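Chemist: Sequence first, predicted model second:
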Amino acid sequence: MKTSQTGGREFALHLLYQMDVRGEDLTQILPELFEFLRPTGEDRAFAVRMVEGTLANREAIDAHLRATSQNWDLERLASLDRCILRLAVSELMLCPETPVRVILDESIELAKSYSTEQSGRFVNGVLDPIAKAVRSGGSTGDAT
């Protein structure tokens, strides 16, 4: 399912992943990826909003992820999977107007496209309880 924010989510994933693997910040990565990927202005604005939100809320996001993926050490997850999960939780928190199903479906598609087929199922399994908790105001285990 493609939405008007699909390109923005994909660009956000590229940004967050490059920041993760290169250890650089958004201001260092953005010009290079903007030139290389040439996103629309709308996609760029959405992506920057999502990445900034992810970075600003990383502690709360990671608490949700740790509580939900108790058998997985967050730092040992594949970098792409971790970035997809963080972006999705950020969007769940920051964009209440976006339907949960859209966020989950597009996160699963990103995982299948950029990581592995198994990553899609993993991402779905981790995000589903987080989505229920975040959107209902509940808690995912230890994350409050």
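Modeler: Thanks, I have it. None of these values were measured; they are calculated from a predicted model.
Chemist: Tell me which residue is most central in this structure.
Modeler: The C-alpha lying nearest the average C-alpha coordinate of the chain belongs to L87 (C-alpha atoms, centre = their mean; 1.6 Å).
Chemist: Spit out the contact partners of it.
Modeler: By C-beta atoms under 8 Å, 6 or more residues apart in numbering, the residues touching L87 are 9, 12-13, 16, 50-51, 54, 107. For every residue, glycine as well, the C-beta is placed using N, CA and C.
Chemist: separation between it and S136?
Modeler: 21 Å (C-beta to C-beta, to the nearest Å).
Chemist: Likewise for A111?
Modeler: Distance from A111 to S136, by C-beta to C-beta: 24 Å.
Chemist: And these two? Which one has more around it.
Modeler: When A111 and S136 are compared on other C-beta atoms under 10 Å, the one with more neighbours turns out to be A111, at 27 against 8.
Chemist: is it true that that one touches C83?
Modeler: No: applying C-beta atoms under 8 Å as the test, A111 and C83 come out as separate, 10.0 Å apart.
Chemist: Tell me the helix or strand right after whichever strand or helix holds E42.
Modeler: According to DSSP states H and E, E42 maps onto helix 41-56. Stepping forward along the backbone from helix 41-56, the first helix or strand reached (DSSP H and E) is helix 58-68.
Chemist: Restricting to C-alpha, output that following helix in CSV.
Modeler: Written as CSV, here are the backbone C-alpha positions of helix 58-68 (Å, rounded to 0.1, in the frame of the first residue of the first chain):
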residue,chain,number,x,y,z
ARG,A,58,15.0,7.7,21.1
GLU,A,59,15.1,6.8,24.8
ALA,A,60,11.3,6.3,24.9
ILE,A,61,11.3,4.5,21.5
ASP,A,62,14.1,2.1,22.6
ALA,A,63,12.3,1.4,25.9
HIS,A,64,9.2,0.3,23.9
LEU,A,65,11.5,-1.8,21.6
ARG,A,66,13.3,-3.4,24.5
ALA,A,67,10.1,-4.3,26.3
THR,A,68,8.5,-5.8,23.3
